[in-house]
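Undergrad: need a structure here:
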Amino acid sequence: MQCRQIICSWYGGSIGREKGVTTHRGGCHCGQVSFEVQAPADIAADQCNCSVCRMAGYLHLIVSRSAFQLLSGEDAIETYTYNTNVAQHYFCRHCGIKSFYVPRSHPSGISVNVNCLDPSTIRSVTITPFDGQNWEQNAFKLSSLSD
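TA: Numbers count the residues shown, from 1 in each chain. Down below sits the predicted model:
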């Protein structure tokens with residue numbers, strides 16, 4: 001059984017009680033890279049413990065590509081790949097922040113770092129731990145996240 005934890009105090013969003021999706025804006029630290037993502041105001045995020053996610057403090061919100069739009073900074077984005085080279089880890093070449101990437105589990109989707117979203121549109125975040133240190137045995141648990 002996986003533990004789920006509701007984290008509300010990080011975010012003090014002044015949004016309404018609407019159902020469905022909200023347009024969230026996000027980006028890197030220096031502002032060169034910016035994007036919009038369509039997602040609920042109550043976000044379900046995964047916290048992976050693999051080495052790259054743990055070191056980056058990444059909270060995954062996996063969405064379909066149609067729910068994501070890069071607004072600026074295409075020329076500021078660098079790519080890091082490793083291991084299978086399926087995941088495309090994008091980061092700003094100016095400030096080094098990885099605000100989104102193409103995950104190995106969903107190569108047709110986008111994983112947005114919840115920590116890089118403007119908190120004003122977030123009502124709550126539910127974090128589910130994910131055992132990425134044992135990725136091969138657990139990848140199936142992520143199968144429906146961007147559907």
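
Undergrad: only C-alpha atoms from now on, for both contacts and neighbour counts.
TA: Will do.

Undergrad: off-centre distance for the one helix or strand Thr23 maps to?
TA: Assigned by DSSP states H and E, Thr23 falls within strand 22-27. Here the centre of strand 22-27 is set off from its chain's centre by 11 Å, with Cα atoms, centre = their mean, to the nearest Å.

Undergrad: give the next helix or strand downstream of that strand.
TA: Next element after strand 22-27 (DSSP H and E): strand 34-39.

Undergrad: pull the residues that contact the helix or strand just after that following strand.
TA: Counting by DSSP H and E, the next helix or strand C-terminal to strand 34-39 is strand 42-48. By Cα atoms under 8 Å, 6 or more residues apart in numbering, the residues outside strand 42-48 that reach it are 53-54, 58-62, 114, 122-132.

Undergrad: nearest residue to the middle of the chain?
TA: Central residue of the chain (Cα atoms, centre = their mean): Val112, 2.3 Å from the mean position.

Undergrad: how near is the nearest residue to that one once chain neighbours are set aside to Gly20?
TA: Using Cα to Cα, 6 or more residues apart in numbering and skipping residues adjacent in sequence, the residue nearest Val112 is Phe100, 4.3 Å away. The gap separating Phe100 from Gly20 is 22 Å, by Cα to Cα, to the nearest Å.

Undergrad: so for the two, which residue has more residues nearby?
TA: Neighbours per residue, other Cα atoms under 10 Å: of Phe100 and Gly20, the larger number sits with Phe100, 27 against 10.

Undergrad: tell me how many other residues crowd Cys30.
TA: Neighbours of Cys30 (other Cα under 10 Å): 12.

Undergrad: for the one 3 residues further on, same thing?
TA: The local packing count at Val33 equals 26, with neighbours defined by other Cα under 10 Å.
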